[in-house]
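Enquirer: structure for the following, please:
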Amino acid sequence: MKKILLALSTTRQSSKTIDYALKIARDERAELIILFIVDPDLPQFILDKMMDVGFMGDSPTKQLYQSILREYKERGQKIIEEISNAATSLEIECTTVMTEGEFVKECLKVIAKEKPEATILTRADRSNLSRFLFGSAVNQLKQKSPCPIKVIKEE
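Expert: Purely as a prediction, here's the structure:
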């Protein structure tokens, strides 16, 4: 059976991308692999920004970091369940994977294990200069992935 990988993360998700992946999986009679990656660096980034603007003191607790990370994991699990339910209602076989780590690395691990025919993901709306200066996870994934990467642009 063909496999389609839908790669989502804490900061990479859109209903347009999800709908597209469900349509392709249904039309191709493919199994949909729903991957949700939680970025463990994101809570610290948020806390750092809050300290920079003076919203909080200089040393937020580990408990606050863990609370933000737990919230992201719970949100990710809810999104996975919603997509899985939609897939089931469309009679699409699906597998769910939730992991924590760096987006490109975790995508490549799942691609190597599952060997999908294609990977579908969202590209955040950023300037070309920003992509050049800070890099692009999508471009890295396109270069390193053995399967085609279909990018759905956010609106």
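
Enquirer: residue boundaries of the helices in this structure?
Expert: In the chain, the helices defined using DSSP state H lie at 15-28, 42-52, 62-89, 103-114, 128-134, 137-144.

Enquirer: low pLDDT regions in this protein?
Expert: In the predicted model of the chain, residues 42-62, 65, 124-135, 155 satisfy pLDDT under 70.

Enquirer: figure out which of the helices of the chain is closest to L5.
Expert: helix 103-114 (6.4 Å; CB to CB). The way it works is simple: take the backbone N, C-alpha and C, and place the C-beta from them, glycine included.

Enquirer: how far off centre is that closest one?
Expert: Mean C-alpha position of helix 103-114 versus that of the full chain (CA atoms, centre = their mean, to the nearest Å) differs by 11 Å.

Enquirer: likewise stretch 86-95?
Expert: A distance of 19 Å separates the centroid of the chain from that of stretch 86-95, by CA atoms, centre = their mean.

Enquirer: now do stretch 76-89
Expert: Chain-centre distance of stretch 76-89: 14 Å, with CA atoms, centre = their mean.

Enquirer: show me what counts as buried in it.
Expert: Across stretch 76-89, burial judged by 16 or more other CB atoms under 10 Å covers 76, 79-80, 83-84, 87.

Enquirer: format the helices of the chain as TSV; extra columns: distance to L8.
Expert: Formatted as TSV, the helices of the chain follow (distance: least, CB to CB, whole Å):
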stretch	distance to L8
helix 15-28	8
helix 42-52	14
helix 62-89	7
helix 103-114	10
helix 128-134	20
helix 137-144	13
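
Enquirer: what's the closest of these to V97?
Expert: Judged by CB to CB, the one of the helices of the chain that comes nearest to V97 is helix 103-114, at 5.9 Å.
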